[in-house]
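A.B. asks: Mind folding the following:
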Amino acid sequence: MQKILIVEDSKSIQRLIGAILKDLGAELSFAFTGKETHEILSEQVFDLLILDLVLPDTTGYELLPELDSERFSNNVIVLTSLSDKQQLMRGFSMGANDFIRKPFDHDEFKARIKSSLEAIATKKQLQQETAKLNHFFNNSNLLIQSTDHTGLIREVNKTWYRSMGYTEEDLEQGIHFQKIIAEDELNHCMDIFKEIMSGNTVDTFRTKFVKKNGDLILVEGNVIAYNNGQTTFTQGVFKDITESEEQIRQINLLSKSVEHSGSSVFITNLDGEITYANKQLEESTGYTLEEIQGKKPNIFKSGEHPDALYRDLWKKITSGNTWRGEIQNKRKDNSLVWNLVTISPVLNADDKPYAFVCIKEDISNRKETELRLNQALLAQREATKIKQDMIGIASHQFRTPLTVIQANSDLLMLLKNDLPEERRISIIDKINHRLVTNVNHMVHLIDDVLMMNKLDSGKMQYNPSMVDIKSVIDNLVTEYNQIQKDQRIVTYRIMGKPVEIKTDEKLIENSISNLLSNAFKYSEGRFEPELTLIYEDDEVIIKVVDYGDGIEEGAENKIFDPFYRAKKVENLQGTGLGLNIVKQCIDLIGGTIEVHNTDNAGACFTISLPHIN
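C.D. replies: This is a model prediction of the structure:
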């Protein structure tokens, strides 16, 4: 909305002016005195000032020079009842744009104010457009120059000065356009100048400018002619394409050198869009060159690497450095391929990247070989660790009973003549029991080590036959019931109709024997172990339950590992091989074994055997 300040000392005239101008849509403000006018203009800016020449504290002639004309845009209309021509001319000299005499015709007054406001609006719009043009002229990255009809350069923009190396003083001294044209382009440019000055138009053309220091730049642009009413001028607008042409030349040279390379090569612009790719990239990725063109390299992204890898890569190459590394990429058919990737920026004269060259070498075979070697190395380390553990445990387990045997042998030698016959026989019986117990432990240990070695080496054979599982378990239960020092026996139950199944009797017997032995050993002094034999339509299930301390939390998956021993039973004699042997035996005959804790805190081992008649 336009704003008008009306300086008039008569309230009645102020009201009259307000009524006349209310339809114009302008914002009206009023002042009675020169002082009040100063105060209002110090706080607000107006488009038009309507000023009475006679005021209570001053005159319009005195007030106008005191005011900042920018506060009312240099637009002043004077109200006066004077008719003296000399006085009116004095007002014009002080900055007035128009005079309106009192008394005034209402319609004429309104029309003249409206016309002034329209003129002010047009003037403001022209000023804005001129400012835009001046901004473009001085801040454009294009070289803009204007010559007169003789060819002298009269006006240029800042980019022209900066690119060509000339100064304003050089231009004032006179520069003919021929001076800035390369010698081999001069005749062609003179022909263009004549065509333009004859009123003809020319198409966009390329030429070479000579800078003040003698360097050449390649430019592309157009020139037009215009007449300012007095003479004809030319206006030329040019773009420096030296760098672009050099970039294209370098890229073309690079593309030719890698066209037949055995490695996959592609080039991207600064936005990461592929502008060139060789044939090898098409063969290695499955994409056609048409499908790759204009796309970004993330079409090869496999999702196997964190985003941080790509952020660091991009940060490094956009900083002007080369990135090298191994990346697993994805082909068009979604298969994965390992690449050794090198990405280098192509730098301009200012050492700034303007393109990136990526070279990819397929290293999938090498990575596969490395993987197999690493797996073999890990397997070898694991096997070595198992052997070391086995040797350590076996050495400890053998040393303990051998020490007992040696100690009791020495004791026999000491006592053979020093005690009465009856007393000597009693002690010898005890010593004999200890010797037999430790020898049996050594035999059991040797059996476990030998069986584990057979299982690990694949020498243990599966020899199936029709087996009466009930008979096997009956014999084992009888055997274990007879050898328990604490007189405990196995609580033995059978569910379902007993039938023979096809399996390996020796492996089954060894597995159940191991479980029964553990059930007694780890629940000493507690309730009797339980064994339940269940016959179902498609399988035979054997459950062995003890009333020991149960399986430690989180150990269900480790309890079948070789040499694993829970902390709860570290003080009990054992090798840590038994359950691993059981697991391998059951796996060999095609069954399964599971373990879980019971409600009574003990452990329940469940063997499931396929029912094959």
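A.B. asks: Buried residues of stretch 367-380, list them for me.
C.D. replies: residue 367 (16 or more other Cβ atoms under 10 Å). Yep, even glycine has a C-beta here, placed from its N, CA and C like the rest.
A.B. asks: Report the mean confidence score over that stretch.
C.D. replies: Stretch 367-380 carries an average pLDDT of 85.
A.B. asks: ok, now how distant is residue 5 from residue 43?
C.D. replies: Counting by Cβ to Cβ, to the nearest Å, the gap between residue 5 and residue 43 amounts to 11 Å.
A.B. asks: same check, this time on residue 525
C.D. replies: Counting by Cβ to Cβ - residue 525 and residue 43 are separated by 103 Å.
A.B. asks: cool, and residue 582?
C.D. replies: Note on residue 582: its distance to residue 43, by Cβ to Cβ, is 99 Å.
A.B. asks: The two: which has the busier surroundings?
C.D. replies: Set side by side, residue 582 and residue 43 show more neighbours around residue 582, with 22 against 7, by other Cβ atoms under 10 Å.
A.B. asks: List the contacts of the more buried one.
C.D. replies: Counting by Cβ atoms under 8 Å, 6 or more residues apart in numbering, residue 582 makes contact with 510, 511, 514, 515, 560, 593.
A.B. asks: and of the residues you listed, the nearest to residue 182?
C.D. replies: Closest approach between the contacts of residue 582 and residue 182, by Cβ to Cβ: residue 560, at 87.3 Å.
A.B. asks: Where does residue 226 sit, in terms of helix or strand?
C.D. replies: strand 216-227 (DSSP states H and E).
A.B. asks: Just the CA trace of that strand, in PDB.
C.D. replies: Only the C-alpha atoms of strand 216-227 are listed here, as PDB (Å, rounded to 0.1, in the frame of the first residue of the first chain):
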ATOM      1  CA  LEU A 216      44.000 -17.400 -24.500                       C
ATOM      2  CA  ILE A 217      40.500 -18.400 -23.300                       C
ATOM      3  CA  LEU A 218      37.900 -20.200 -25.300                       C
ATOM      4  CA  VAL A 219      34.500 -18.500 -25.200                       C
ATOM      5  CA  GLU A 220      31.100 -19.200 -26.600                       C
ATOM      6  CA  GLY A 221      28.300 -16.600 -27.000                       C
ATOM      7  CA  ASN A 222      26.300 -14.300 -29.100                       C
ATOM      8  CA  VAL A 223      26.200 -10.600 -30.100                       C
ATOM      9  CA  ILE A 224      23.300  -8.400 -31.000                       C
ATOM     10  CA  ALA A 225      23.000  -4.700 -32.200                       C
ATOM     11  CA  TYR A 226      20.800  -2.000 -30.600                       C
ATOM     12  CA  ASN A 227      20.300   1.700 -31.200                       C
END
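A.B. asks: Tell me the buried residues in the very next helix or strand once past that strand?
C.D. replies: Next along the chain after strand 216-227, taking DSSP H and E as the criterion, comes strand 232-240. Neighbour-count burial for strand 232-240 flags 233, 234, 236, 237, 238, 239, 240 (criterion: 16+ other Cβ under 10 Å).
A.B. asks: okay, residue 453: pLDDT?
C.D. replies: 62.
A.B. asks: so where is this protein shaky, pLDDT-wise?
C.D. replies: The model of the chain has pLDDT under 70 over residues 82-88, 91, 247-248, 251-258, 260, 383-384, 386-459, 563-576, 601, 612-613.
A.B. asks: Would you list the strands that the helix or strand harbouring residue 354 pairs with, along with their directions?
C.D. replies: Element membership for residue 354, per DSSP H and E: strand 353-362. If you go by DSSP bridges, strand 353-362 pairs up with strand 264-269 (antiparallel), strand 336-347 (antiparallel).
A.B. asks: Outside of it itself, which residues are in contact with it?
C.D. replies: Identification of contacts with strand 353-362 by Cβ under 8 Å, 6+ apart yields 243, 247, 251, 254, 258, 261, 263-270, 272, 275, 281, 284, 297, 317-318, 320, 329, 337-348.
A.B. asks: For ChimeraX, what selects the buried ones among those residues?
C.D. replies: This is the ChimeraX syntax for the buried subset of the contacts of strand 353-362, where burial follows 16+ other Cβ under 10 Å:
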select :247,251,254,258,263,264,265,266,267,268,269,281,284,297,317,329,337,338,339,340,341,342,343,344,345
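A.B. asks: which one is residue 222 nearest to, not counting chain neighbours?
C.D. replies: Leaving aside its chain neighbours, residue 222 sits nearest to residue 204 (5.0 Å; criterion: Cβ to Cβ, 6 or more residues apart in numbering).
A.B. asks: and the gap between the one you found and residue 221?
C.D. replies: With Cβ to Cβ as the criterion, residue 204 and residue 221 are 7 Å apart.
A.B. asks: and stretch 92-108, how far apart are its ends?
C.D. replies: Start-to-end span of stretch 92-108 (Cα to Cα, to the nearest Å) is 20 Å.
A.B. asks: How about stretch 591-603?
C.D. replies: From its first residue to its last, stretch 591-603 covers 20 Å (Cα to Cα).
A.B. asks: which of the residues in that stretch are buried?
C.D. replies: Buried residues in stretch 591-603 (16+ other Cβ under 10 Å): 591, 593, 595, 602, 603.
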